[in-house]
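Enquirer: Provide a 3D model corresponding to the input given below.
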Amino acid sequence: MRPQAGGEQPRRGEGRGRGPGDRGAQDRRGADDRRDARGRQRGAARAEGRGQRSAQAPSQRARTADVARATAYDVLRAVDEGDSYANLVLPPLLRERGVRGRDAAFATELTYGTLRLRGRYDAVVEQAAGRDVTRIDPPVLDLLRLGVHQLLGMRVPAHAAVSQTVGLARERAGAGASQFVNAVLRAVAREDLDAWLALVGDAADPQETDPVARLAVTQSHPEWVVRALREALVCDGRAADDVGDLLAADNAAPRVALVARPGLVTTAELCEQAGAEAEPGRVSPVAVLPGGGDPAGVEAVRTGRAGVQDEGSQLVALALAAAPLEGRDERWLDLCAGPGGKAALLAALAAQRGARLVANEVQPHRARLVEQSLRAVPASAVESVRTGDGRELGAAEPGAFDRVMVDAPCTGLGALRRRPESRWRRTPADLVGLAALQRELLGSALRAVRAGGVVAYVTCSPHLAETRLVVTDALRAAAKAGLEVETLDARAVAREVASGPLDLVGDRLDLQLWPHVHGTDAMHLTLLRRR
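Expert: Okay, here's the model as predicted:
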């Protein structure tokens, strides 16, 4: 069955699987003919379309949107029009508009949930509206996405979801667009989530022969990402079918994790500051999971003695600091240090050992973020925060460092829970340039580390083109340059420093974390030692 925005609707249990000549399709085409490419209804349709209007009296209909929904909509428009990131746009908007408490939580879930599930909701809109989403004006499409998430992804009563979204559409896109939004959302509201998932899944995979296409639309990921994640799972020794659980984990809001920077604050102190429901981390021994609230309100976070950092990100930094090396252990390097989370953890650890850290970052504004992250670390542990190209540092200071972190720029496919818009922006073409940059950065790090020293190659992506293939190519290039490098057992080191058992399979030396297994971002770690 396909509830549509115009015409006679089939009763439950009827209509599914019909061809294009069925009555619903004819009515849909008629409704389409009466609307322009922007979703605006033309005059003739108004007299015929009274059945599509809200059942509420005009005086009861929302004329304008509430501030939480309006804020979520403005963030979506900024993401679409300005290539912005929601995590950078939403917080200042909430503060500027005085949105707090439950309203702020509502706006946050509405924003991030809509971005994560955009692909699923676009498929639903296409079925309900009877048209491709490319034929709908982007502002109107964002309104529909917000409305569909309230209907299918949140506990918002249908009448409120429709009425409030129509009010927002009237305010931001005009009366004609609001009628179209009303019609589509009322069609969506006629079925529940399970019914819609079956419908859009069948539309994507009518012969039931392409599970990737079905997962891509139902779990809201581009097909190329689904295929890449499935391949990475298999290469890590896991079942291909695990990809469904991984995609579902990407679509769930991640729990905030705090890091207690060693020597600056203890986990017990941070737990006490983070609230009664705070608890120790499950992967990192220096992690604290707060019970809720704004992390910026935690005193240790405000002063820089603690920070907000995913447990997987903490674990790979701890592993670099714990990896066995030969000889002195005095000078450490974070080659791509911005925005500074790993640098601050490494510097805190270095301070406890009498070592010092050089933090290098190519972008000046990100270098300033590094300085801010390091503000609570003893000055003796920070040699410098530099602005420079990490690809050149190895040639400029060969063999000068004992431990080197290469947290390489990547597609971010391992952090889609936190930056959901990344899945819609990245393309396979991005891998070519990124992989070349990653190889150069790792090659520079191998030149910068001394004989007996250790390099950690880290990406927040499990994609094989950014992990194992980059390492293989970099080691081959190093061998041609006369550098002898051995691969250490990163899994063994991670197990030693982790706060609990790590669910790892296979016999690889590198470490791959997974959201659906470890509750972390999908961080990759390879440890290399110069010989």
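
Enquirer: Ends of stretch 325-340, what's the gap?
Expert: Taking C-alpha to C-alpha, to the nearest Å, the first and last residues of stretch 325-340 lie 24 Å apart.

Enquirer: cool, and stretch 379-390?
Expert: 23 Å.

Enquirer: gap between that stretch and the chain center?
Expert: Here stretch 379-390 shows a centroid-to-chain-centroid distance of 29 Å under the convention C-alpha atoms, centre = their mean, to the nearest Å.

Enquirer: Likewise for stretch 368-379?
Expert: Distance, stretch centre to chain centre, for stretch 368-379: 26 Å (C-alpha atoms, centre = their mean).

Enquirer: Ala213 against Asp205, yeah?
Expert: Yes: applying C-beta atoms under 8 Å as the test, Ala213 and Asp205 come out as touching, 4.9 Å apart. (C-beta placed from N, C-alpha, C; glycine too.)

Enquirer: Poorly predicted segments of the stretch 51-200 of the chain, please.
Expert: The stretch 51-200 of the chain contains residues with pLDDT under 70 at 51-65.

Enquirer: now the helices for it?
Expert: Under the criterion DSSP state H, counting those that start in this stretch, the stretch 51-200 of the chain contains helices at 67-82, 86-96, 101-116, 118-129, 138-152, 158-173, 175-188, 193-204.

Enquirer: Spit out the contact partners of the closest residue to Asp236 other than its chain neighbours.
Expert: Once flanking residues are discounted, Asp236 sits nearest to Gln512: 4.8 Å by C-beta to C-beta, 6 or more residues apart in numbering. Gln512 makes contacts with Ala232, Asp236, Pro462, Thr467, Ala522, Met523, His524, Leu525, as judged by C-beta atoms under 8 Å, 6 or more residues apart in numbering.

Enquirer: Repeat the analysis, applying 7 Å as the threshold.
Expert: By C-beta atoms under 7 Å, 6 or more residues apart in numbering, Gln512 lies in contact with Asp236, Pro462, His524.

Enquirer: Which pLDDT value belongs to the last one?
Expert: Which is His524. As predicted, His524 sits at a pLDDT of 98.

Enquirer: How about the second one?
Expert: Model confidence at Pro462, expressed as pLDDT, equals 98.

Enquirer: So it versus Arg190, what's the distance?
Expert: Taking C-beta to C-beta, to the nearest Å as the measure, Pro462 falls 39 Å from Arg190.

Enquirer: now do the first one
Expert: Asp236 sits at a distance of 42 Å from Arg190 (criterion: C-beta to C-beta).

Enquirer: Between the two, point out the one with more neighbours.
Expert: When neighbours are counted by other C-beta atoms under 10 Å, Asp236 and Arg190 differ, and Asp236 comes out ahead with 24 against 18.

Enquirer: wait, isn't that one in contact with Leu504?
Expert: No: in this structure Asp236 lies outside contact range of Leu504 using C-beta atoms under 7 Å: 8.6 Å.

Enquirer: in stretch 83-93, what's buried?
Expert: Across stretch 83-93, burial judged by 16 or more other C-beta atoms under 10 Å covers Ser84, Tyr85, Ala86, Val89, Leu90, Leu93.

Enquirer: which one among the residues you listed gets closest to Leu441?
Expert: Closest approach to Leu441 among the buried residues of stretch 83-93 (C-beta to C-beta): Tyr85, at 22.5 Å.

Enquirer: so that closest one touches Arg419, yeah?
Expert: Yes: Tyr85 lies in contact with Arg419 (C-beta under 7 Å); the separation is 6.3 Å.

Enquirer: Just the strands from the stretch 251-400 of the chain, written as ranges.
Expert: 258-260, 279-280, 287-289, 306-308, 331-334, 356-361, 382-387 (DSSP state E, counting those that start in this stretch).

Enquirer: Check which helices and strands the shortest one sits against.
Expert: The criterion is 3 or more C-beta pairs under 7 Å, 6 or more residues apart in numbering; DSSP states H and E, and the helices and strands that strand 279-280 contacts are helix 267-273, strand 287-289.

Enquirer: I'd like the average pLDDT over the shortest one.
Expert: If I follow you right, that is strand 287-289. Rounded mean pLDDT across strand 287-289 is 98.

Enquirer: What of the first one?
Expert: The pLDDT scores in helix 267-273 average 96.

Enquirer: centre of the chain versus that helix, how much separation?
Expert: With C-alpha atoms, centre = their mean, you get 27 Å for helix 267-273.

Enquirer: Output that helix in PDB with nothing but the alpha carbons.
Expert: Extracted in PDB, the C-alpha atoms of helix 267-273 (Å, rounded to 0.1, in the frame of the first residue of the first chain):
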ATOM      1  CA  THR A 267      37.800   9.800  36.900                       C
ATOM      2  CA  ALA A 268      36.300   9.700  40.400                       C
ATOM      3  CA  GLU A 269      36.400  13.500  40.600                       C
ATOM      4  CA  LEU A 270      35.000  13.900  37.100                       C
ATOM      5  CA  CYS A 271      32.200  11.400  37.900                       C
ATOM      6  CA  GLU A 272      31.200  13.400  40.900                       C
ATOM      7  CA  GLN A 273      31.100  16.700  38.900                       C
END
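
Enquirer: Same question for it: list its buried residues.
Expert: When burial is assessed from 16+ other C-beta under 10 Å, helix 267-273 yields the following buried residues: Thr267, Glu269, Leu270, Cys271, Gln273.
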